[in-house]
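*Asks:* no sequence on hand, only this structure:
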């Protein structure tokens, strides 16, 4: 592969027939303020965890909307629940509760699967 | 393939193509990628069909590649294009026929701009006159070279020595037609059949006996796209587009691909080799690739031209499987010999794909 100097990029097309919206609908129900998110990235810019990891709340919201549950499971473990993102959010999204609800539902799902 | 509805849509997008007296302008990159194609076009229109076709050696690049990569400003591009129109005007002609799809799209864009913003046209006329002392008339008829072949497809079919039919089984060849994005995606009414169901290549395939394959990613870009190709590190974007198309068309087992753009045959041809080497996959039968042709090459084969004169040895994917199916006679010994019999060199054998 190295002889070409590039690789084949993975397809980013979303197939909504194969994606689950269950998690997005659950979060909207338990923390309705998430619907106000405009993906400005203020949360990600002020995040303490992002200094040491690749964590981004903005990216997390996109993954919730797209139903990328597998990526969310790993990401939410990086959050320290410090709540700085809540202070800077111009739309008043309760970001900490979003993470809390995600952990709760995904942990329940994990235990259920086990 | 439900053709009834599509035929009705195709009828909504018809365009006028001139009958005779063409001013033909060549493409920058086609002359290096597939030099036999433009020569074949001139031979078909001039010699076979007896039409008047003119060229001017003073013709230059339309700057389309520079324009679409944000290197050349639009005003400069318009002035260069105005100069091309002045060459046509000096030749006393009115029917402008570009070989390149991007040039066709650019000429269309510029003529539309001038129609809606006459002051810009005046400015460009002034720029051209100050720079070169030239004046110009706008073309009365602007048609891509594939439009011209489409117009005369039945005349070509009447002179056909070979059809797009498997001579061994009598089965029509299954053909993937791929239209360049700049043909009608920007200005659907300027293309035969519009943007969603362009008929320009499908009409040729049907007239010459083949069967058009309708597959899910039929209208997807080939991946050329200028920016994602010109920088080597970005070519992953380009090849991902081609890969998506190949994966979509593979279940329909196409015999060949026909294209009408300079970049599309290049990338659909070369990327099959690169994907094969990278991921060890082949999209044709028995570890082979799907042969890719330009519409002039297919028209030339239909008319019985020698495949090596058409430049088919310039393709990465071997064209012989299609030649054998069509019953085209060729001498394998002459494949890599030039017009004077000189040896042109043989390409390296791929590690994974079977090509010979």
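*Replies:* Received the coordinates, thanks. Model, not experiment: these values are computed from the prediction.
*Asks:* quick one, grab the pLDDT at the closest residue to residue B:61 other than its chain neighbours.
*Replies:* Nearest non-adjacent residue to residue B:61, counting by C-beta to C-beta, 6 or more residues apart in numbering or on different chains: residue B:28, 4.7 Å away. The C-beta positions use only the backbone N, C-alpha and C, and glycine is treated the same way. Predicted confidence (pLDDT) for residue B:28: 92.
*Asks:* most centrally placed residue in chain B?
*Replies:* The geometric centre of chain B, computed from its C-alpha atoms, lies nearest to residue B:260 (C-alpha atoms, centre = their mean), at 2.2 Å.
*Asks:* which residues of the stretch 101-250 of chain B lie near chain A?
*Replies:* B:232-237, B:239-240, B:243-244 (C-beta under 8 Å from any C-beta of the partner chain).
*Asks:* which ones among the residues you listed are found in helices?
*Replies:* Within these, membership in helices is found for B:235-237, B:239-240, B:243-244, as judged by DSSP state H.
*Asks:* as CSV, those residues with distance to residue B:102, pLDDT and neighbour count would be great.
*Replies:* Conversion of these to CSV gives the following (distance: C-beta to C-beta, whole Å; pLDDT from 0 to 100; neighbours: other C-beta atoms under 10 Å in any protein chain shown):
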residue, distance to residue B:102, pLDDT, neighbour count
B:235, 19, 90, 22
B:236, 22, 91, 17
B:237, 18, 90, 17
B:239, 20, 93, 23
B:240, 21, 92, 19
B:243, 22, 94, 22
B:244, 21, 93, 17
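*Asks:* how near is residue B:167 to residue B:183?
*Replies:* Between residue B:167 and residue B:183 the distance, using C-beta to C-beta, to the nearest Å, works out to 32 Å.
*Asks:* neighbour count: these two, which is higher?
*Replies:* Set side by side, residue B:167 and residue B:183 show unequal neighbour counts under other C-beta atoms under 10 Å in any protein chain shown, the larger going to residue B:183 at 28 against 13.
*Asks:* name the helix or strand for that one, please.
*Replies:* Under the criterion DSSP states H and E, the helix or strand holding residue B:183 is helix B:181-184.
*Asks:* so who does residue 48 touch?
*Replies:* Unless you meant another one, I'm taking chain A. Residue A:48 makes contact with A:80, A:82, A:84 under the criterion C-beta atoms under 8 Å, 6 or more residues apart in numbering or on different chains.
*Asks:* wrong one, chain B
*Replies:* By C-beta under 8 Å, 6+ apart, residue B:48 lies in contact with B:156, B:159, B:303.
*Asks:* try 10 Å this time
*Replies:* The neighbours of residue B:48, taking C-beta atoms under 10 Å, 6 or more residues apart in numbering or on different chains as the test, are B:40, B:152, B:155-156, B:159, B:299-300, B:303, B:305.
*Asks:* residue B:27 now?
*Replies:* Applying C-beta under 10 Å, 6+ apart, the residues near residue B:27 are B:33-34, B:37-38, B:61-62, B:64, B:98-104, B:145, B:261-263.
*Asks:* got it, and residue A:13?
*Replies:* Under the criterion of C-beta under 10 Å, 6+ apart, the contact list for residue A:13 reads residue B:244.
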